[in-house]
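Visitor: Build me a model from this:
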Amino acid sequence: MERYYDAVPRTAARAEDFGPLTLFAREGEGWPYYARPTLGYRGPAVTAEDVRRVVARQRELGLPEAFEWVGEHDPLLRAAVEEAGLAVHEHPLLVLGPQDEPAAASDGPAGVSVRVLAADDPALAQALAVPHLAFGEPGTGVGAAGAAELAVAAVAVAADGTAARVAGRITAGNTVLAAAFEDGAALCAGQHNPVGPVTEVAGVGTLPSARRRGLGLAVTAALVANARANGVRTVFLSAADEDVARIYRRAGFRPFATALIAEPATPTGPGDPA
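Guide: Down below sits the predicted model:
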């Protein structure tokens, strides 16, 4: 897990060494990565001053002041980031190990189909836009955003280069994107990002007006099936809260640790699979 967390940002960001902490700074456009504990570090314990040094560099680069780590693996970091003035938020971390049996993949409700998208899929921008709308209305209850909002968001995702960046990651084998469709419209989407035998399911989000239909569960199951079919042995994810974690447990995941995110402001939690 720690090797995975260290490897994934390196596909799109440069690593800057701050002793007990490593800052991942994106190269060009794309996801603004975070700082996290340095892999294999054996020196003095992390301090609030170490955190402040990283925060100063994040501000200099115009990056979010964000730290992410596994609480059980680096228990001392929480006190350091809180002393530095950041707020820490907890998210359940769940895993499907080699010995765990995942839920069978299915298309979900009648009339819905779930598929893995190729880099040149015409629905790529639409599928990527769905989680953006989902995270804009957090929670698992049915929301307002629907087809009209999706059409606007898909245009924006295509125009700002997000679709092209993700298409490049799909071609390179760094990202797998799956989505649930009904009548040609994407209703739910998510991805997994494999590194060797480990992958993380991330960004699973359902169009708010289409929630409570089991679509997130169907997309998650499809991502797990794809990962297992391509040699991945360990699949993990972080959930926004315990309500969301209960849904993932229906896909076969089991809780095993706590993902901690430190930021100055209230963060947007990981994707919900409603």
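
Visitor: For Gly168, give me its contacts.
Guide: Counting by C-beta atoms under 8 Å, 6 or more residues apart in numbering, Gly168 touches Ala119. Where you see a C-beta, it was placed from the backbone N, CA and C, and this is true even at glycine.

Visitor: can you tell me the helix or strand for it?
Guide: Using DSSP states H and E, Gly168 sits in helix 162-172.

Visitor: which element follows that helix toward the C-terminus?
Guide: Using DSSP H and E, the next helix or strand after helix 162-172 towards the C-terminus is strand 176-182.

Visitor: how near is Asp120 to Pro194?
Guide: Between Asp120 and Pro194 the distance, using C-beta to C-beta, to the nearest Å, works out to 20 Å.

Visitor: Over to Ser238?
Guide: 17 Å.

Visitor: Just the helices from the stretch 1-150 of the chain, written as ranges.
Guide: Using DSSP state H, counting those that start in this stretch, the helices of the stretch 1-150 of the chain run over 2-7, 48-61, 77-83, 124-136, 147-159.

Visitor: Point out the most buried one among those helices.
Guide: Mean neighbour count (mean count of other C-beta atoms under 10 Å) peaks for helix 124-136 among those, with a mean of 24.

Visitor: Point out the other helices and strands that that one packs with.
Guide: Other elements packing on helix 124-136 under the criterion 3 or more C-beta pairs under 8 Å, 6 or more residues apart in numbering; DSSP states H and E are helix 147-159, helix 162-172, strand 176-182, strand 185-195, strand 198-206.

Visitor: what about dumping the CA coordinates of it to PDB?
Guide: Extracted in PDB, the C-alpha atoms of helix 124-136 (Å, rounded to 0.1, in the frame of the first residue of the first chain):
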ATOM      1  CA  LEU A 124     -15.500   9.600 -22.400                       C
ATOM      2  CA  ALA A 125     -16.100  13.300 -21.500                       C
ATOM      3  CA  GLN A 126     -19.600  12.600 -20.400                       C
ATOM      4  CA  ALA A 127     -18.500   9.700 -18.100                       C
ATOM      5  CA  LEU A 128     -15.800  12.000 -16.600                       C
ATOM      6  CA  ALA A 129     -18.300  14.700 -16.000                       C
ATOM      7  CA  VAL A 130     -20.600  12.600 -13.900                       C
ATOM      8  CA  PRO A 131     -18.300  12.400 -10.800                       C
ATOM      9  CA  HIS A 132     -17.800  16.200 -10.900                       C
ATOM     10  CA  LEU A 133     -21.500  16.600 -10.600                       C
ATOM     11  CA  ALA A 134     -21.700  13.900  -7.900                       C
ATOM     12  CA  PHE A 135     -19.100  15.500  -5.700                       C
ATOM     13  CA  GLY A 136     -20.900  18.900  -6.100                       C
END
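
Visitor: tilt between that helix and strand 198-206?
Guide: Helix 124-136 and strand 198-206 meet at an angle of 80 degrees, taking axes from the mean of the first three to the mean of the last three C-alpha atoms, to 10 degrees as the criterion.

Visitor: report the angle between the axes of helix 124-136 and strand 185-195?
Guide: Angle of helix 124-136 versus strand 185-195, following the same axes, to 10 degrees, is 90 degrees.

Visitor: quick one, helix 124-136 and strand 176-182 angle?
Guide: On the basis of the same axes, to 10 degrees, helix 124-136 is oriented at 80 degrees to strand 176-182.

Visitor: quick one: which of Asp120 and Pro194 has more around it?
Guide: The neighbour count for Asp120 versus Pro194, taken as other C-beta atoms under 10 Å, is higher for Pro194 (20 against 9).

Visitor: Pretty sure that one sits against Ala172.
Guide: No - using C-beta atoms under 8 Å as the test, Pro194 is too far from Ala172 to be in contact (11.1 Å).

Visitor: contacting residues around Arg228?
Guide: The contact partners of Arg228, taken as C-beta under 8 Å, 6+ apart, are 102, 235.
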